[in-house]
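# this one's structure only:
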Ligand code: 9MR
């Protein structure tokens, strides 16, 4: 009894700290997003969303933002000219609505995953430049209008700058000239004036020529009054390369132009086999990326390119590499997941 009284007296005598001094660590990524104010997202594999209840459950529990990994790309939504297949994209948007997730639309103008009718028509000359411009305008207008009010942010143009800082010679640039970029943003804005419109790229975290050209492009577009609101950093990293230590500064340079920024496709691959050391290094890359985002006021979203090694583009693209995601094939959290939960917004 005496002991109990003593313990009680001790508890009562301990001055209460303000709640912010020892906040409870978040239970999951959704709570982390609430605590930090940055939405945490994942790319979504629609087949898995439909067929795998465990995948669906974890996605909807953990993530407050989603991006269709492939379902909104042009070849997915208009595989034949004039034949639209929205079912997968609709499924993602509807699942997001039911689970209070915001959506990133990915992607309106890209040089990959274009439908064959389009690329072959341009190649054989049956689609000329005037028609191509109209096709692009219709594509953007149709898709953005369909999801008006349901997509927080669109990747309007994806990967338009080369590694050496020149503009990428895509079918769009060679046939329509550089003005297609401003046009794309204007058409998207007209179709949904409230969506945030992004330019998105990889290696923008560290590659100086790409960074400078992209900044100059954004500056020029803003000067012309083009509705561009965000810069997306894909963030396809690997632990065999140094972490891009200047990333937060690069984000700040875009923010200084009046843009919001986002991490849009983060993953951190490794050369297999997996070892505890590699997983520990991977965890530091993930948590540094989140810390970088949280250190920049304009960083609004932190999205990973798939959350489980069960569905990741990495092994199919980089021979001998893998294990790039936060959760393993069985949806068990890896050290990187736990590391994220411990990241705090800097004061
Ligand atoms: O993850 C996507 C993969 O399933 C597709 O086969 C691939 C085709 O190009 O695209 C992948 O996603 C890419 C994204 O759309 C744009 N940035 C790079 C991503 C990884 O390649």
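Yep, that arrived. If you're wondering where the values come from, they're calculated on a predicted model, not measured in any experiment. Numbering: from 1, shown residues only.
# Mind listing what's buried along the one helix or strand residue 211 maps to?
Using DSSP states H and E, residue 211 sits within helix 208-223. Across helix 208-223, burial judged by 16 or more other CB atoms under 10 Å covers 210-211, 213-215, 217-218, 221. Yep, even glycine has a C-beta here, placed from its N, CA and C like the rest.
# Also stretch 329-347?
Buried residues in stretch 329-347 (16+ other CB under 10 Å): 331, 333-337, 339-341, 343.
# List of residues touching the helix or strand where residue 90 lies?
If you go by DSSP H and E, residue 90 is part of helix 87-98. Helix 87-98 has contacts (CB atoms under 8 Å, 6 or more residues apart in numbering) with 44, 46, 49-50, 56, 60, 66, 68, 71-72, 76-77, 101-103, 147, 150-151.
# ok, now which ones touch the residue in the chain that the ligand sits nearest to?
Relative to the ligand, the nearest point of the chain is residue 313 (3.5 Å; CB to the nearest ligand atom). Residue 313 sits next to 69, 305-306 when contact means CB under 8 Å, 6+ apart.
# helices and strands around the following helix or strand past the helix holding residue 211, which ones?
Sequence-wise, the next helix or strand downstream of helix 208-223 (DSSP H and E) is strand 230-233. Counting contacts by 3 or more CB pairs under 8 Å, 6 or more residues apart in numbering; DSSP states H and E, strand 230-233 packs against strand 196-201, helix 247-255, strand 260-271.
# in its sheet, what does the helix or strand just after strand 230-233 sit against?
Counting by DSSP H and E, the next helix or strand C-terminal to strand 230-233 is strand 236-238. Looking at strand 236-238 with DSSP bridges, its partner strands are strand 260-271 (parallel).
# Enumerate residues external to the helix or strand following the partner strand that contact any of its residues.
Note on strand 260-271: by DSSP H and E, the next helix or strand toward the C-terminus is helix 276-294. Residues outside helix 276-294 that contact it (CB under 8 Å, 6+ apart): 36, 38, 235, 237, 239, 243, 247-248, 251, 261-263, 266, 268, 270, 299, 302, 323, 326, 334-336, 338-340, 342-346.
# where does the stretch 151-300 of the chain dip in pLDDT?
Within the stretch 151-300 of the chain, no stretch has pLDDT under 70.
# rewinding a little: drop anything exposed from the contacts of helix 87-98.
Applying 16+ other CB under 10 Å to the contacts of helix 87-98 flags 44, 46, 49, 56, 60, 66, 68, 71-72, 76-77, 101-103, 147, 150-151 as buried.
# Which of these fall in strands?
44, 66, 68, 102-103 (DSSP state E).
# Include distance to residue 185 when you put those into CSV, please.
Listed next are these as CSV, based on distance: CB to CB, whole Å:
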residue, distance to residue 185
44, 25
66, 23
68, 20
102, 20
103, 19
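# for those residues, which one is nearest residue 176?
The nearest member of those to residue 176, counting by CB to CB, is residue 68 at 25.5 Å.
# Surely that closest one is in contact with residue 46?
Yes: Residue 68 lies in contact with residue 46 (CB atoms under 8 Å); the separation is 6.7 Å.
# Those residues of the stretch 201-347 of the chain touching the ligand, which are they?
Contacts of the stretch 201-347 of the chain with the ligand, taken as CB under 6 Å from any ligand atom, map to 202, 234, 265, 313.
# Could you rerun that using 8 Å?
Residues of the stretch 201-347 of the chain found near the ligand (CB under 8 Å from any ligand atom) are 202, 234, 236, 265, 305-306, 313, 316-317.
# And the most centrally placed residue in the chain, how far from residue 312?
With distances taken as CA atoms, centre = their mean, residue 264 lies nearest the centre of the chain, 1.7 Å away. Applying CB to CB, to the nearest Å, the value for residue 264 to residue 312 is 16 Å.
# repeat for residue 262
For residue 262 relative to residue 312 (CB to CB), the value is 20 Å.
# Compare these two and say which is more crowded by neighbours.
When residue 262 and residue 312 are compared for neighbours, residue 262 comes out ahead with 31 against 23, by other CB atoms under 10 Å.
# Spatially, which residue comes closest to that one, not counting chain neighbours?
The shortest distance from residue 262 to any non-neighbouring residue, by CB to CB, 6 or more residues apart in numbering, is to residue 301 (3.9 Å).
# How far off centre is stretch 199-216?
The chain centroid and the centroid of stretch 199-216 are separated by 16 Å under CA atoms, centre = their mean, to the nearest Å.
# Tell me the spatial nearest neighbour of residue 80, not counting adjacent residues.
residue 117 is the one closest to residue 80 (CB to CB, 6+ apart), at 6.2 Å.
# which outside residues touch the helix or strand where the one you found lies?
According to DSSP H and E, residue 117 maps onto helix 116-123. Residues outside helix 116-123 that contact it (CB under 8 Å, 6+ apart): 74-75, 80-81, 127, 132, 135, 171, 175.
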